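Student: Sequence plus predicted model, see below.
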Amino acid sequence: MTNSKIRKILQHTYQLGRAVSTLFILTTFVSPVTAQSLSPDKPAPLHSGVNSSVADSFVGPHFYYFLAGPGKVDIHIKFTSMGLLGNANTATIGIDLYDERQTWKIHKDLTSNGTTAQLTFPGDLKQKTKVIMRIQPPPSGLIRTGGNYEVQLLGAVEYDSNTASGQQDQIVKTYQIMSCIQDVYECGVAKFYPDGTLKISDGHTGTWKLFDSEANIYVLNISGHNLSVKLMPGRGLVEPNNVNSILFQEVR
C-alpha cells in the first residue's frame, strides 16, 4: 500500500471519528431551519413568525437583520441547550443588537441547562431603523456545545421582502470537508459556485443540484461519486437522515 493511500485512510479515520463523536455529543431536536449568515457584513434577513436555528460552538456566530420602528418592538428569544451523552448540558449564548452604524448596542446572555430558557428585548424606536442581531454560540472547545434557538419579532417590524428575488442559492459557499472518501476526494476545502459546479482544494471537481427545496436536500457528484446531503445554513451540509453528522462544515 502506498504512502498516499495510507494517508487517505488515516484522514478518513480521523474525520469519521470526529463525526461519530459528534453524533454522540449532539442530541438536538430537528426543527425548520432559518437561513443564517456567518458574515457580519452580510447578515441574513429575519422573516415573520418563528425563526429557528442551531447555535454551534464549532461554527461561530450567526448574523441577522430586520427593519424596526417607529414604535414599540419586542424581540423574543428562546434557547434549549444540547444534551451531552443523554444528560442535560448547561450552555450560554450571547445576543447582541445594534444599528447599522453601530451608534448603539445592547447585549444579553441566555443560559439553558437542557430546558428551554427565554428572554425578551423590549424597545421603542423613534424612527425606522435597520437592526442587526448577532447570536454568539458558547466558546469553542474540545467538546461541541450549543443548542437550538428561536427568534420572534412582534410590534413595529418590517421584513425585507426584496432579498429573496434574484438571490443566489444558499449552498453557494466555502466548506471545510469533515469526512473525505478514499480515492474520491481528500479532506480539504470545497467551494460551491452559483453555476452548479464545485471545486475541492485537492483538484477534484464536481457538480451540485437541488433535489428537494422544502427539505433542503441536494445531490453532489464528485469525480463520478454521488452524495446526497441536507443543507443547514450556518452549519453546513449534513447527512439527510442524521443532521448531527456534518460532512461539509460552512466556513466564513
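Tutor: Yep, it's here.
Student: Residues contacting stretch 94-107, please?
Tutor: 75, 77, 108-110, 119, 121, 129-136 (Cβ atoms under 8 Å, 6 or more residues apart in numbering). For every residue, glycine as well, the C-beta is placed using N, CA and C.
Student: Once you drop chain neighbours, what's closest to I181?
Tutor: What sits nearest to I181 in space, not counting adjacent residues and going by Cβ to Cβ, 6 or more residues apart in numbering, is H225, at 6.4 Å.
Student: swap that for D56, please
Tutor: G146 (4.5 Å).
Student: re earlier: assess the claim that the residue nearest to I181 and Q182 are in contact.
Tutor: No - contact criterion Cβ atoms under 8 Å: H225 and Q182 do not qualify, at 10.6 Å.
Student: ok, I135 - contacts?
Tutor: Per Cβ under 8 Å, 6+ apart, neighbours of I135: S53, A55, P61, H62, F63, Y64, I93, G94, I95, Y149, V151.
Student: okay, now K130: neighbour count?
Tutor: 15 (other Cβ atoms under 10 Å).
Student: sec struct for it, please.
Tutor: Following DSSP: H, G, I helix; E, B strand; the rest coil, K130 is assigned to strand.
Student: ok, for it, nearest residue in space, not its chain neighbours?
Tutor: In space, K130 is closest to E100, 4.7 Å off (Cβ to Cβ, 6+ apart).
Student: Can you read off the pLDDT for the one you found?
Tutor: Note on E100: pLDDT of 94.
Student: Also Q15?
Tutor: pLDDT at Q15 comes out at 46.
Student: biggest strand in the chain, by residue count?
Tutor: In the chain, assigned by DSSP state E, the strand with the most residues is strand 62-81.
Student: As PDB, could you dump the C-alpha coordinates of it?
Tutor: The C-alpha coordinates for strand 62-81 follow below in PDB (Å, rounded to 0.1, in the frame of the first residue of the first chain):
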ATOM      1  CA  HIS A  62     -24.900  34.000  13.200                       C
ATOM      2  CA  PHE A  63     -25.900  37.400  11.900                       C
ATOM      3  CA  TYR A  64     -29.400  38.600  11.000                       C
ATOM      4  CA  TYR A  65     -31.200  41.900  10.300                       C
ATOM      5  CA  PHE A  66     -34.700  43.400  10.400                       C
ATOM      6  CA  LEU A  67     -36.300  46.800  10.000                       C
ATOM      7  CA  ALA A  68     -38.000  48.200  13.100                       C
ATOM      8  CA  GLY A  69     -39.800  51.300  14.100                       C
ATOM      9  CA  PRO A  70     -41.100  53.800  14.600                       C
ATOM     10  CA  GLY A  71     -42.900  52.400  17.600                       C
ATOM     11  CA  LYS A  72     -42.600  49.600  20.100                       C
ATOM     12  CA  VAL A  73     -40.900  46.300  19.300                       C
ATOM     13  CA  ASP A  74     -40.500  43.100  21.300                       C
ATOM     14  CA  ILE A  75     -37.800  40.600  20.400                       C
ATOM     15  CA  HIS A  76     -38.400  37.200  21.900                       C
ATOM     16  CA  ILE A  77     -35.500  34.700  22.100                       C
ATOM     17  CA  LYS A  78     -35.700  31.000  23.200                       C
ATOM     18  CA  PHE A  79     -32.800  28.700  23.700                       C
ATOM     19  CA  THR A  80     -32.500  25.000  24.500                       C
ATOM     20  CA  SER A  81     -29.000  23.600  25.100                       C
END
